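> My questions concern the predicted model and sequence given below.
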Amino acid sequence: MLEIKNLHVSVEGQNILRGVNLTVSPGEVHAIMGPNGSGKSTLAQVMAGKDEYEVTEGQIFYKGEDLAEAAPEERAREGLFLAFQYPVEIPGVSNVYFLKAALNAIRKHRGQEEMDAMDFLTYVRDKMKIVKMDETLLNRPVNEGFSGGEKKRNEIFHMAVLDPTLAVLDETDSGLDIDALKIVADGVNSLRSEKRAFVVITHYQRLLNYIVPDFVHVLVDGKIVRSGGKELAHELEEKGYAWLEEGRAAGASAATV
Amino acid sequence: MAEPIADVTDVLEERVNQQYEAGFVTDVEQEMFPPGLDEEVIRKLSAKKNEPEWMTEWRLEAYHGWLEMEEPTWANIKYEPIDYQSISYYAGPKPKGDGPQSLDDVDPEILATYEKLGIPLIEQQMLAGVAVDAVFDSVSVATTFKEKLAEAGVIFCPMSEAIQDHPELVKKYLGKIVPRGDNFFAALNSAVFSDGSFVYVPKGVRCPMELSTYFRINAENTGQFERTLIVAEEGASVSYLEGCTAPMRDENQLHAAVVELHAAEGAQIKYSTVQNWYPGDMETGKGGIYNFVTKRGICAGRKAKISWTQVETGSSITWKYPSVILKGDDTVGEFYSVALSKGRQQADTGTKMIHVGRNTTSTIVSKGISAGHGQNTYRGAVKILKGADGARNFSQCDSMLIGDQCGAHTFPYIDVQNPNAQMEHEASTSKVGEDQLFYCNTRGIETEDAVSMIVNGFCKEVFNELPMEFAVEARKLLEISLEGSVG
């Protein structure tokens, strides 16, 4: 479903990603962990198509297609979803109106009929249960005045409504207390299916106690330095990122000798 | 559900690609004065309208006053000097016989014009509950639902007709709220005003329908000098809406209007404008309407309320400050505005709230949107006089910038002479952020739709003040106007 090949990305002339390789198949949950500044969020944004991020080398294939020329909205309509680390506020535009426009844009692309207001409300109410969202958040402007936890929950709610095939969650756990974390994780788990894949980006292993991944990758300095099963996350928790960073630094210095 | 979600989506779908839809010319046989302005022209104009002597004299006095006045230069707008002698001061479709007595007598071309603009004048086809006065260049060509309104005692007719049929009322109120010498453009208007609407709602009557006037400039080299007067007697209420369009032309055309509102004790007047005059060429700025307008209302009696709502998307220049004089105690004045400047458009608009009576309240909500090379200025004055104990004002001026070539300016003037007054002022400037657009994009929404959505969200507090049908219209207009604003 997703194949990232030797991806190099620079932002404002600075090389952030330096040769990332990643293959994700339907039904899988991949966790990407890494220290601050390792390029995790860049990877998430570049998958979604942020154009300030320049791909200098390598490719991203999604459903067999090279995404190089695809606009963010085209990716979204093909079922690629990004849950933002910092969800954006849109004053005056209600959450429900925003989502209806989004869903109908996607449905239109799929050749489905657009949903009318009544059907949409029924559909949306059902999805709200997934993240135990309060109905008042539906009529409030998108993310405006939401608490940190509400914003993150709202991202998962958007995901539930838009029904993506590949969901990238960018540090969805940051800033959540343990109760909110559980709700968000339950929401994600209930959306796991054979057809849907997840890329879960996180700094902490904590989230992975609730969303148990099939694969864990460690991103350091723009490269995946280690991949493994869920036990890798536990190992990281014990030893810290320094364990891998040191190894890498040693390898690098060895190479220059 | 707090929000009507269905209609907005429909509006998005109706998106059309033309930049200015109303820019066509109607081919109609017309009668036009040669360009130029002097006493003789004013006498001829007055005679054309078969006006009584007092009216002719009133115009001439205004004209002499105007000759002594100078065009104001304080506004934040730039334009080539206007040659007032190159403008024709009267243009009207040639009447057949004695002029239109009913819709059957109106030139079918003109009916088709309004139809094309989405304003069918055939009563059966109209929006239920909206009566329309259609002003074509200098002449009102049709007023619908007159009889039905008359049953309720409401007078709704062209100003020219009111001068004939209700001279006492016209004499009593005309020029009382905006005196002839108020300003350069008001004086010019008083001398040469062509047509506009006259509304009189008697004591205790709630006007049973929305009233609206649709102004259309069609003829070349003419100016339109609309004159509207609305009087709501004790406890009466009325909601009035005006819409405006003009053909696309390379020459600038002048629209200098005066609107006066009089609200007696406990009366309420709601006045809404959706202004879509031709804004001029987007690239070069050539052509477009110069919109110099004086609008003022007086809350004369206790507990009267006047509310101005405007959506200004057109005109190459907008110079307009709808104001309220809060004379009675416990009166309320409101101003809600959306002004869009794109291409080479310049808007200098805002309001004046003059607190005279006790416990008077005013609210100002202004939303300025600048795109392309547009320049948008909010200019507002709040004046609290000595006797206005307990006066309160709330002002909110928000500006939104789209792109980096445009400008937003805010000039709030506050003059408080009473220490009891409560003043609140909020202002903000925001840019349609890349972050917001990207966020919408990642949800499958394309950039143009995202811009519409963000701008509509920004203007929501103002659109909420418009009558329902027109709120939809205003949103649509804004979307069309913004098309192509973001690369």
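Okay, I see it. Note that the structure is a prediction, hence the values are computed from the model and not measured. Numbers count the residues shown, from 1 in each chain, chains lettered A, B, ... in the order given.
> Tell me if I'm right that B:Leu340 and B:Thr318 touch.
No. Using CB atoms under 8 Å, B:Leu340 makes no contact with B:Thr318, being 9.8 Å away. (Each C-beta comes from the backbone N, C-alpha and C, glycine too.)
> Now the common contact residues for those two.
B:312, B:347 (CB atoms under 8 Å, 6 or more residues apart in numbering or on different chains).
> What is the burial count for A:Val216?
By the criterion of other CB atoms under 10 Å in any protein chain shown, A:Val216 has 25 neighbours.
> my read is it is in a strand, agree?
Yes. When DSSP: H, G, I helix; E, B strand; the rest coil is applied, A:Val216 is found to be in a strand.
> Show the contacting residues for it.
A:30-33, A:208, A:227-230, A:232-233, A:236.
> Tell me where the model's unsure across the stretch 101-250 of chain B.
B:101-105, B:114, B:116-130, B:138-142, B:218-220, B:244, B:246-247, B:249 (pLDDT under 70).
> check which helix or strand covers B:Leu241.
strand B:237-245 (DSSP states H and E).
> so how far is that strand from its chain's centroid?
8 Å (CA atoms, centre = their mean, to the nearest Å).
> Over to stretch B:385-404?
Distance, stretch centre to chain centre, for stretch B:385-404: 20 Å (CA atoms, centre = their mean).
> for that stretch, what is the average pLDDT?
Stretch B:385-404 carries an average pLDDT of 92.
> okay, now whichever residue of chain A sits closest to chain B: neighbour count?
Nearest to chain B, among the residues of chain A, is A:Gly92, at 2.8 Å (CB to the nearest CB). Neighbourhood size, A:Gly92 [other CB under 10 Å]: 19.
> Could you say which helix or strand holds it?
Assigned by DSSP H and E, A:Gly92 falls in strand A:90-94.
> name the helices or strands packed onto that strand?
strand A:141-142, helix B:434-441, helix B:447-463 (3 or more CB pairs under 8 Å, 6 or more residues apart in numbering or on different chains; DSSP states H and E).
> how about the second one, does it reach chain A?
Yes. Using CB under 8 Å from any CB of the partner chain as the criterion, contacts between helix B:434-441 and chain A involve B:434-436, B:438-441.
> So which elements touch that helix?
For helix B:434-441, the packing partners by 3+ CB pairs under 8 Å, 6+ apart are helix A:72-77, strand A:90-94, helix B:447-463.
> Which of the contacts of A:Val216 fall within helices?
Counting by DSSP state H, the part of the contacts of A:Val216 found in helices is A:208, A:232-233, A:236.
> Reformat these as JSON lines; add neighbour count, pLDDT and distance to B:Trp66.
Below are the ones in helices among the contacts of A:Val216 laid out as JSON lines (neighbours: other CB atoms under 10 Å in any protein chain shown; pLDDT from 0 to 100; distance: CB to CB, whole Å):
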{"residue": "A:Leu208", "neighbour count": "23", "pLDDT": "93", "distance to B:Trp66": "79"}
{"residue": "A:Leu232", "neighbour count": "21", "pLDDT": "91", "distance to B:Trp66": "85"}
{"residue": "A:Ala233", "neighbour count": "22", "pLDDT": "89", "distance to B:Trp66": "82"}
{"residue": "A:Leu236", "neighbour count": "21", "pLDDT": "86", "distance to B:Trp66": "82"}
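> doesn't B:Lys460 make contact with the residue of chain A closest to chain B?
Yes. Assessed by CB under 8 Å, A:Gly92 is found in contact with B:Lys460 at 4.1 Å.
> In stretch B:430-440, which residues are buried?
Neighbour counts using 16 or more other CB atoms under 10 Å in any protein chain shown place B:432, B:436-440 of stretch B:430-440 among the buried residues.
> hang on, the earlier thing: mind giving me a markdown table with the residues of helix B:434-441 next to chain A and columns for pLDDT?
Shown next, in a markdown table, are those (pLDDT from 0 to 100):
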| residue | pLDDT |
| --- | --- |
| B:Glu434 | 82 |
| B:Asp435 | 89 |
| B:Gln436 | 92 |
| B:Phe438 | 94 |
| B:Tyr439 | 96 |
| B:Cys440 | 97 |
| B:Asn441 | 96 |
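> OK, contacts around the residue of the stretch 201-350 of chain B found nearest chain A?
Scanning the stretch 201-350 of chain B for the residue nearest chain A gives B:Val338, at 11.8 Å (criterion: CB to the nearest CB). By CB under 8 Å, 6+ apart, the contact set of B:Val338 is B:310-313, B:367, B:369, B:459, B:462-463, B:474, B:478.
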